[in-house]
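Chemist: any chance you can model this:
(2 chains)
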Number of protein chains: 2
Amino acid sequence: MCEANAYIIRGKDRELVMEAVDTALPEGPDSIRLTSIFGEQKILKAKIHSLSLVDHKIFLKQGED
Amino acid sequence: MCEANAYIIRGKDRELVMEAVDTALPEGPDSIRLTSIFGEQKILKAKIHSLSLVDHKIFLKQGED
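Modeler: Numbering: from 1, shown residues only, chains lettered A, B, ... in the order given. The predicted structure is shown next:
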């Protein structure tokens, strides 16, 4: 499978917010809806900051990039 | 492997810009650097719009989300 874990960047920390993310879709102007391969959904006030797919990692960031 | 193909959204079209993307990192305020698993790099004036990882797809968009 090709899912990835989503982390939110908080300063120097990376906080895991969802495992096994399949899709990440914009939800309004400043939020994002994550859906895992298990159907779990989360809406976060954040944007996709960066990706490291071979490491199975998605990084999100709040506010402006 | 867990790479994905990157497409840029242009209206209703989706244009393939890089296959087998490993990392996507911000490059300055409004650009993104894509690196493939083969080491190929491209810098595009775009942001990450959305992800569909089980389908191996990354969607980028130019300008504001």
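Chemist: and A:T23, what is it in contact with?
Modeler: Contacts for A:T23 were tallied using Cβ atoms under 8 Å, 6 or more residues apart in numbering or on different chains; they are A:R33, A:L34, A:T35, B:S50, B:L51, B:S52, B:L53, B:V54. For the C-beta atoms, the positions are set from N, CA and C on the backbone; glycine is no exception.
Chemist: closest to A:I8 among these?
Modeler: Compare each of these with A:I8 using Cβ to Cβ and the shortest gap goes to A:L34, at 10.5 Å.
Chemist: grab the most central residue of chain A for me.
Modeler: For chain A, the residue lying nearest the average C-alpha position, counting by Cα atoms, centre = their mean, turns out to be A:A6 (3.9 Å).
Chemist: give me the element that one is part of.
Modeler: A:A6 is located in strand A:4-10, with elements delineated by DSSP states H and E.
Chemist: angle of that strand against strand B:4-10?
Modeler: Using axes from the mean of the first three to the mean of the last three Cα atoms, to 10 degrees, one finds that strand A:4-10 and strand B:4-10 are set 70 degrees apart in direction.
Chemist: show me where pLDDT drops low in chain A?
Modeler: Residues of chain A meeting the criterion pLDDT under 70: A:1, A:64-65.
Chemist: near chain B, which residues of it?
Modeler: With the criterion set to Cβ under 8 Å from any Cβ of the partner chain, chain A comes near chain B through A:1-4, A:21-26, A:29, A:37, A:47-54, A:56, A:58, A:65.
Chemist: ok so, going back, export the contacts of A:T23 as TSV, with columns for neighbour count and distance to A:L16.
Modeler: Putting those into TSV (neighbours: other Cβ atoms under 10 Å in any protein chain shown; distance: Cβ to Cβ, whole Å) gives the following:
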residue	neighbour count	distance to A:L16
A:R33	15	17
A:L34	23	12
A:T35	18	16
B:S50	18	20
B:L51	28	17
B:S52	17	21
B:L53	23	16
B:V54	15	19
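Chemist: great, nothing more from me.
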